[in-house]
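Asker: Okay, sequence plus prediction incoming.
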Amino acid sequence: MADKPSPEAEHTMLFVTRQQERPDGYVNLSDSNSWARWLYRNVPDRIHRTVTRRLVSNLKHLLVGLELKAALISQHQHRAEGERSVLFEPYFQNFILEFCVASFSVFEGLGSAQWLDQNGQNGADGPRIQRSQWLPALAAVYDETGEHGLVPNVESTLSVRDRLHQDKLGVREDIDWHAFSYEAAFVPASSAIRTLLRRERELVPGTSNLHLDPAT
C-alpha cells in the first residue's frame, strides 16, 4: 500500500484509514452489521422471515467486502503520477473480478427477493429464480425508467462474472484480461451498486465509499 494517499485519491479511501498510533497499517471504518438496516429495508416484507434473515446475513458480508475492494481498486487507479502502486497489477485485475462476482450476488439476491414479492411468493419453498426473471424485477424497483442504466450495467457485470466459468475445461479461449479493466468492468459494477443505494439512501452506512462515483 502507498505510504500516503494522493490528493486525487483521498476521496476513495473512506472505508479504510490510517491509524495515527499505527502508521504501519490501515483499519476499517465500518463492519458487516453496518449494512443490516439498509438490507432489511430493501427486502420486501412479504419474504419469509428465515429467508430474509439468511439473505441479509449473506449480503451484509459481501457489501462490507465490496467497500474494501472499492477502496483499494480506486486508490490504485487514481494514484498520482510516480506514486507507488497500491496493488500488484494481477491483484488489481483480480480485485475487480472479485468486485463483480460479489456485486452479482447482491443483484441476484435483491432481485430474486423483489421477483418473489412481485409474484406473490415468500420464498419459503426455495424456488430457483432465473436471471431473466430477477433482473427485470430488480430494475422495476431500483431503476424503473432506466435513467440510471441499471440493466446494462448489471448485464456488463454478469458478463465479467461469466467469463471465468470453467464449465468446459480447456475449451474456452484465452481470457482477454482487458475485460477486467477499471473502465470496462469496475465502473459499470460500481455504477449498478450505486443505483441500488439510491433507494433508502439514508440507511447506507455513513462511512461507506460505495455511494461515491469512482470516476471523479
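Answerer: Structure's in. What do you need?
Asker: Which parts of this structure are strands?
Answerer: 16-19, 22-28 (DSSP state E).
Asker: which ones are touching the most centrally placed residue in the chain?
Answerer: The chain has Ser103 as the residue nearest its centroid, 3.6 Å off, counting by C-alpha atoms, centre = their mean. Residues near Ser103 by C-beta atoms under 8 Å, 6 or more residues apart in numbering: Leu66, Thr157, Ala189, Ala192, Ile193. C-beta coordinates here come from the backbone N, C-alpha and C atoms, glycine included.
Asker: thought the third one was touching Pro152?
Answerer: No. In terms of C-beta atoms under 8 Å, Ala189 does not count as a neighbour of Pro152; the distance is 11.7 Å.
Asker: More neighbours: which of the two?
Answerer: Ala189 (29 against 12; other C-beta atoms under 10 Å).
Asker: Can you give me the distance of the more buried one to Gly126?
Answerer: 27 Å (C-beta to C-beta, to the nearest Å).
Asker: With Val86 instead?
Answerer: According to C-beta to C-beta, Val86 stands 41 Å off from Gly126.
Asker: between those two, who's got more neighbours?
Answerer: Neighbours per residue (other C-beta under 10 Å) separate Val86 from Gly126, with Val86 holding more: 22 against 7.
Asker: which non-adjacent residue is nearest that one?
Answerer: Closest residue to Val86 in three dimensions, ignoring its sequence neighbours and counting by C-beta to C-beta, 6 or more residues apart in numbering: His76, at 3.9 Å.
Asker: so where's the chain shaky on pLDDT?
Answerer: Applying pLDDT under 70 to the chain flags the ranges 1-27, 164-174, 215-216.
Asker: related to what we said a few turns ago, kindly indicate which of the contacts of Ser103 lies nearest Val141.
Answerer: Nearest to Val141 out of these is Ala192 (C-beta to C-beta; 13.2 Å).
Asker: Next one: the closest one from Asp162, what distance?
Answerer: 15 Å.
Asker: Next: Pro188.
Answerer: 14 Å.
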